[in-house]
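Peer 1: I would like the atomic coordinates for the input below:
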Amino acid sequence: MEYTYRCYRCNFNLHVRCASLLPTLEAEFHDHPLTPIWKWITFTCDLCGIKEDKGMPYLCNPCGLLIHRKCAYFPRRLKVVCHKHPLHITHSSLELDESNSRFCLLCVQKVDTRYGLYYCSKCDFVAHLNCTLDWRNREDINLLEIKDGENEDAELNQCVESATAYKSCNGFLYTCQTCHVELDVQCSLLSDILIHEGHKHQLFLSFTGNEQSCSSCGSKIYFVFRCTTCEFALDFKCATLPQTTRYKQHEHPFNLSYTAEDDSGEYYYNICEEERNSNHWFYYCADCTYPAHPEYILGKYPNRK
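Peer 2: All right, here's what the predicted structure looks like:
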């Protein structure tokens, strides 16, 4: 039960918590004060883009901006680990061409430029609001101390640092004592932009709060390399598979194969005799027409000695 103020003459009801709301709200990223609409309505937030939401939004009368109360508290500027410059919030799309297809460079998924986003005008770097605000992407620094041109020559790829929690290694690690992050040596050599023989387009390192499916093996993981042209995604395990390898019980080398060896429509692994997804990568001996699962050839933990 919640107490309300009530006008019996007008049949007007107001929660005690709603009555305590400020008459206007100053948003850090907007030039005009925001006024609450004292009515529970269905609306689309002009900042986060959530459609047909219900609540009491805040309105900017000069601009017609209609946003959630929580969105009004988004910071104007912040810094993410994966980019050298601070990002600033934009909600007018004046800096971006709405007709262009833009991708968030944190999760590598499409951005609707009609609504709010974080942007670096120096590098044309675009990111979703939620991706930028995620504590796993944010860099906790004093933005007032960042000067123009600082960190321009930074070569360390910081985006990869959390991805190796999902990949067992052989004991050689880079460790961050502050963040409790462990980085496998092999993974540290990967760039956040990957060119792989198994796919014709560039792949970009993607992180989301939801698990993403790897196109080459079907596993689900938070960190993948994602294609902005098609729906292809590649996890770290598959991205680092050797192109050629040997199996102790077989006389010929196995080559990593990205497509089915024929058009029969029925595919199985020779060693385990399990049915095989024709879209998944596998190792293949052409001399013996011998397909094998990467896990059987390399072992479940190939980097663990």
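
Peer 1: for the stretch 151-300 of the chain, just list every one of the strands.
Peer 2: 173-176, 181-184, 193-194, 203-213, 220-227, 233-234, 244-245, 254-257, 282-285, 290-292 (DSSP state E, counting those that start in this stretch).

Peer 1: for the fourth one, the averaged confidence score.
Peer 2: Yep, that's strand 203-213 we're talking about. Mean per-residue pLDDT for strand 203-213: 83.

Peer 1: what are the pairing partners of that strand, and which direction each?
Peer 2: Here strand 203-213 is paired, per DSSP bridges, with strand 193-194 (antiparallel), strand 220-227 (antiparallel).

Peer 1: look at Tyr119 and report its pLDDT.
Peer 2: pLDDT, Tyr119: 93.

Peer 1: so which of the strands paired with strand 203-213 is the most surrounded?
Peer 2: The highest mean neighbour count among the strands paired with strand 203-213, using mean count of other Cβ atoms under 10 Å, belongs to strand 220-227: a mean of 21. Where C-beta positions appear, they are placed from N, C-alpha and C, glycine not excepted.

Peer 1: for that one, which outside residues touch it?
Peer 2: 107-109, 162-163, 166, 194, 196, 199, 201-214, 232-236, 239 (Cβ atoms under 8 Å, 6 or more residues apart in numbering).

Peer 1: hmm, try it at 6 Å
Peer 2: 108, 163, 166, 194, 201, 203-207, 211-213, 233-235, 239 (Cβ atoms under 6 Å, 6 or more residues apart in numbering).

Peer 1: looking at this structure, which helix or strand is least sure?
Peer 2: strand 181-184 (a mean of 66; mean pLDDT, DSSP states H and E).

Peer 1: hmm, back to that, nearest to Leu78, out of the strands paired with strand 203-213?
Peer 2: Checking these against Leu78 by Cβ to Cβ gives strand 220-227 as the closest, at 21.0 Å.

Peer 1: show the average pLDDT along the closest one.
Peer 2: Strand 220-227 comes out at a mean pLDDT of 87.

Peer 1: likewise for stretch 266-275?
Peer 2: In this model, stretch 266-275 carries a mean pLDDT of 76.

Peer 1: using CSV, list the CA coordinates for it.
Peer 2: Only the C-alpha atoms of stretch 266-275 are listed here, as CSV (Å, rounded to 0.1, in the frame of the first residue of the first chain):
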residue,chain,number,x,y,z
GLU,A,266,24.7,-35.7,-43.9
TYR,A,267,27.9,-35.0,-41.9
TYR,A,268,29.5,-36.9,-39.1
TYR,A,269,32.8,-36.9,-37.2
ASN,A,270,34.9,-40.0,-37.8
ILE,A,271,36.4,-40.3,-34.3
CYS,A,272,33.3,-39.9,-32.1
GLU,A,273,30.8,-40.7,-34.9
GLU,A,274,28.5,-37.8,-33.8
GLU,A,275,26.5,-35.8,-36.3
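
Peer 1: which of the contacts of strand 220-227 are buried, as a PyMOL select command?
Peer 2: A single PyMOL command selects the buried members of those (16 or more other Cβ atoms under 10 Å):
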select buried, resi 108+163+194+203+204+205+206+207+212+233+234+235+239
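
Peer 1: what pLDDT does His85 get?
Peer 2: His85 carries a pLDDT value of 91.

Peer 1: thought Tyr290 was touching Tyr268?
Peer 2: No: the pair Tyr290 / Tyr268 is not scored as a contact, 11.1 Å apart, by Cβ atoms under 6 Å.

Peer 1: if you count surrounding residues, which of the two has more?
Peer 2: A direct count of neighbours by other Cβ atoms under 10 Å for Tyr290 and Tyr268 places Tyr290 higher, at 17 against 11.

Peer 1: for the nearest residue to that one once chain neighbours are set aside, give its distance to Glu251.
Peer 2: Counting by Cβ to Cβ, 6 or more residues apart in numbering, Tyr290 lies nearest to Asn270, which is 5.2 Å off, once chain neighbours are set aside. From Asn270 across to Glu251, the span is 14 Å (Cβ to Cβ, to the nearest Å).

Peer 1: cool, and Gly49?
Peer 2: On the measure of Cβ to Cβ, Gly49 and Glu251 end up 58 Å apart.

Peer 1: again with Asn61
Peer 2: For Asn61 relative to Glu251 (Cβ to Cβ), the value is 79 Å.
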